[in-house]
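Q: A predicted structure for the sequence below; I have some questions about it.
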Amino acid sequence: MMKPRLLVILFSLLAVACTKHEEKAGIDINIGYEVNGKSLVTDTLCYVNEAENTFLITEVQWFISNIELKNEAGDWVTLHQRSLSDTLDISRVFYMDTNIPESQTLHTQPLPIGHYTALRFTFGLDETDNQTGLFTDPPESEMFWPDMLGGGYHYMKLNGKFLNAEGRLAPLAVHLGIGQNEDCTEFYHNHFIVELPIDFNVVTNSENQLELTMVIDNWFRNPNTIDFNELGSHIMQNQTAQRLLQNNGKDVFKIGKPIDNENKTIMEKDNKLAEKFKNVMQKAAPKPHFWSWENVKERFQNPTAASRHCEERSNPNLKI
C-alpha cells in the first residue's frame with residue numbers, strides 16, 4: 001500500500017502538471033510630444049500658447065508611476081520596468097527625458113497576454129513614492145525637490161524660453177511637484193491620475209507597442225489660460241500655479257502618435273497600397289483608364305461616389 005505522504009506528493013505533482021501555464025509578454029510604451037498640432041522641435045522659437053505668448057522648449061524631464069492596464073475582466077495589471085526587480089519600489093516609476101532618447105521608450109516586464117481596454121497612471125509620484133532618497137543615481141536623482149519645499153522629487157521640469165511683455169527672451173520653467181503654504185509648514189501633493197481608453201492586444205512573439213503623447217500646449221489652455229508673463233517661472237513656491245497646472249493636466253495625454261507623425265504614417269501606408277495596386281494591375285488584363293489608384297481609392301473612401309458608380313454601371317445611358 002502506498003504511504004499517505006507519497007500520495008500527497010503524487011497528487012501535488014499531478015496538480016502542477018495539469019495547471020495551465022499563463023502566457024505572458026512584455027510591452028513597450030513609446031513617448032511622443034506634440035505642440036500646436038506638430039511634433040515637438042526643441043530650441044526653436046516657433047510656438048504660441050493660448051495667452052499668445054511665443055515660446056520655445058529646451059527639454060522635458062518627467063516621471064509617471066503606477067502604470068496599469070485594464071483587462072477585459074475589469075482587473076488592473078501593474079507594469080514594472082523590465083530591467084528592475086518588481087520587489088523594488090522604483091520599478092513602478094518611469095523617468096522620461098527629451099535629452100535621453102532611450103528614455104522615450106518604456107520597456108515593461110511581461111504581463112498576461114490578452115485584450116486590454118484602458119491605460120491608467122499617476123502623473124508624477126504619489127505620497128507613498130515621493131520620498132527623498134528614493135533615487136541615488138542620476139538622472140533621476142537630479143530631479144530632487146528641496147526638502148524645505150516638501151522634499152521628494154519634481155513631477156516634471158518643462159524648461160524653455162518665451163518672449164516677455166518687453167519683447168525679450170525670458171526663462172520658462174514649468175516645474176511641478178509638491179506645493180506648500182507661505183511659511184512652508186503645510187505641504188500639498190499635486191500629482192494626479194490619468195486614465196485613457198485603449199484597444200490593445202498583448203500577444204506572444206510580437207512587438208506589443210503603445211503610443212503615448214504629451215500634448216504640451218494643453219498644459220497652458222484648459223480650463224485655465226496660463227500667461228507666461230505671470231506664471232512662466234518661479235512657480236515651485238506658488239501653490240496656486242501648481243494647482244492651476246494640475247487641473248490643466250487632465251487632457252494633456254493621449255493615446256497615439258503626435259498628429260503630424262500620424263499623418264506621415266497614413267501617407268506611408270497609402271504609398272505602399274498604391275505600389276501594391278500598381279503591381280497587381282501590371283499583371284492583370286488591360287483595363288479602362290478608370291482603374292487608376294486615385295479613382296479606386298476615391299470610390300472606396302467616398303460612399304456617394306461608389307454608389308454613383310454602381311448606378312452608372314446598371315444604367316448604360318448615364319455617362320461617366
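A: Perfect, thanks for sending it.

Q: every contact and neighbour count from this point should use C-alpha atoms.
A: Will do.

Q: list the contacts for residue 223?
A: 247-248 (Cα atoms under 8 Å, 6 or more residues apart in numbering).

Q: repeat that for residue 180.
A: Residue 180 touches 149-150, 186-188, 237-239, counting by Cα under 8 Å, 6+ apart.

Q: for residue 80, same thing?
A: Residue 80 sits in contact with 67, 86, 91-93, 108-109, where contact means Cα under 8 Å, 6+ apart.

Q: what's the spacing between it and residue 94?
A: 9 Å (Cα to Cα, to the nearest Å).

Q: and if you look at residue 44?
A: 27 Å.

Q: mind checking which of the contacts of residue 180 are buried?
A: Buried by 16 or more other Cα atoms under 10 Å: 149-150, 237-239, out of those.

Q: which ones among those are found in helices?
A: residue 239 (DSSP state H).

Q: what's the closest of the contacts of residue 180 to residue 29?
A: Proximity of these to residue 29, judged by Cα to Cα, is greatest for residue 188, which lies at 29.8 Å.

Q: next, the closest residue to the closest one other than its chain neighbours: phi, psi?
A: Distances taken as Cα to Cα, 6 or more residues apart in numbering put residue 179 closest to residue 188, at 4.8 Å, once the chain neighbours are dropped. As for residue 179, its main-chain torsions (degrees, to the nearest 10) stand at phi -100, psi 170.

Q: closest to residue 134 out of the contacts of residue 180?
A: Distances from residue 134 to the contacts of residue 180, taken as Cα to Cα, are shortest for residue 150 (14.2 Å).

Q: hang on, that closest one packs against residue 187?
A: Yes: with contact defined as Cα atoms under 8 Å, residue 150 counts as touching residue 187 (6.1 Å).

Q: what touches both of these two?
A: By Cα under 8 Å, 6+ apart, residue 150 and residue 187 have these common neighbours: 178-180.

Q: now the residues you listed as a markdown table including pLDDT and distance to residue 212?
A: Formatted as a markdown table, the shared contacts of residue 150 and residue 187 follow (pLDDT from 0 to 100; distance: Cα to Cα, whole Å):
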| residue | pLDDT | distance to residue 212 |
| --- | --- | --- |
| 178 | 98 | 25 |
| 179 | 97 | 27 |
| 180 | 96 | 31 |
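
Q: for residue 230, phi and psi?
A: Torsion angles, degrees, to the nearest 10, at residue 230: phi -100, psi -40.

Q: please apply the same query to residue 116.
A: The phi/psi pair for residue 116 (degrees, to the nearest 10) is phi -120, psi 140.

Q: show me where pLDDT drops low in the stretch 151-300 of the chain?
A: Residues of the stretch 151-300 of the chain meeting the criterion pLDDT under 70: 262-300.
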